[in-house]
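Asks: Need a 3D model of the sequence below.
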Amino acid sequence: MMSPSGLHLNKPVLVVIVFGFVLAVIFWMRTGFGSPAAEMAMPEKSTWKTGDWLELPATAKDNLDKVKVEHVKDKKIKVGDKEVTVAYREVKPEGAKLDVLLLHGASFKSQTWQDEPMSTLQVLHNLGYHAVAIDLPGYGDSPGYGDSPKETVDYAAYMETVIQELKLSAPVIISPSMSGQFSLAYLFKDPVNVLSRCKGYVPVAPVSTDQHKETDYQALKVPTLIVYGSLDLSFGPASLKYLQLLPNSAIYKMEDGKHPCYLDKPDEFHSRLYTFLSSLQH
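Replies: Below you'll find the model as predicted:
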């Protein structure tokens, strides 16, 4: 057989050449080698849904003592007909990727997220996230709602106002223990539009999970990383019973972790949180 160049090619050689060309085209089409689109289509190295955790960058813990944490003690907000004072701590790096709102349990306060062993605010700053840790009413530097210790405001309304006044855009909410009554009320107030109000949820053995219906959980599609300690035999299993009904969720059990398991293994907690937050940026 005569090729266009005048060379004689026997049939077997021609078959091999054609076959090789076809394979090359298929490979190029599948990989898009060298194209930006192919790079974007590459699978993620890690995912919170399968437990393939990203390693926390070394820079996340660099110069933590030099990270500026702003401490505000007297922010006035109006929740319904009540004026409430909110104290909070904030880090805001340039070009922040996401907003993160940190709540706390009954034995803790916003300072827990700043002090050792956690230093979560500083770590989040170094990872490029805008993070705010608040003192819930009656804790830390935030006074209660009023003269009566039993006086309360609507939990969902409180969260909505705090998020608006602190200029947080659909923040990822980290909610341990007691703070569950605030975060869950906020999420379930408008479940249809939850993603415009909260990009992600990290409950750590929260309370009040039994105050909401199973069908409510099944309808809430916010990405949720459920965290609890293996040694937490009370709040951990009780909250998991309901939280695992969330359709876009995954469970992380921290081995040898107590009720506030993040305090037992801060680096492990930060690694899991980093993996979760990274997935929400896409």
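Asks: His71: what secondary structure?
Replies: Under the three-state scheme (DSSP: H, G, I helix; E, B strand; the rest coil), His71 adopts strand.
Asks: Can you report how many residues neighbour it?
Replies: Here the number of neighbours of His71 (other Cβ atoms under 10 Å) works out to 13. Where C-beta positions appear, they are placed from N, C-alpha and C, glycine not excepted.
Asks: And for the one 10 residues further on?
Replies: Using other Cβ under 10 Å as the criterion, Asp81 is surrounded by 6 other residues.
Asks: how much space is there between it and Val153?
Replies: Note on Asp81: its distance to Val153, by Cβ to Cβ, to the nearest Å, is 9 Å.
Asks: Same check on His104?
Replies: For His104, the distance to Val153 (Cβ to Cβ) stands at 18 Å.
Asks: how about stretch 106-113: buried residues?
Replies: For stretch 106-113, the neighbour count (16 or more other Cβ atoms under 10 Å) marks 108-113 as buried.
Asks: now, among those, which is nearest to Val72?
Replies: Using Cβ to Cβ, Ser110 comes nearest to Val72 of those, at 10.0 Å.
Asks: From Met118, how far off is that closest one?
Replies: From Ser110 across to Met118, the span is 11 Å (Cβ to Cβ).
Asks: helix, strand or coil for the residue lying closest to Leu166 once chain neighbours are set aside?
Replies: In this structure, Leu166 finds its nearest non-sequential neighbour in Val132, 5.6 Å apart by Cβ to Cβ, 6 or more residues apart in numbering. Under three-state DSSP, the three-state class of Val132 is strand.
Asks: repeat for Glu160
Replies: In terms of secondary structure, Glu160 is helix; the call rests on three-state DSSP.
Asks: What pLDDT is listed against it?
Replies: Glu160 is assigned 97 on the pLDDT scale.
Asks: which residues touch it?
Replies: For Glu160, the contact set (Cβ atoms under 8 Å, 6 or more residues apart in numbering) comprises 186, 189.
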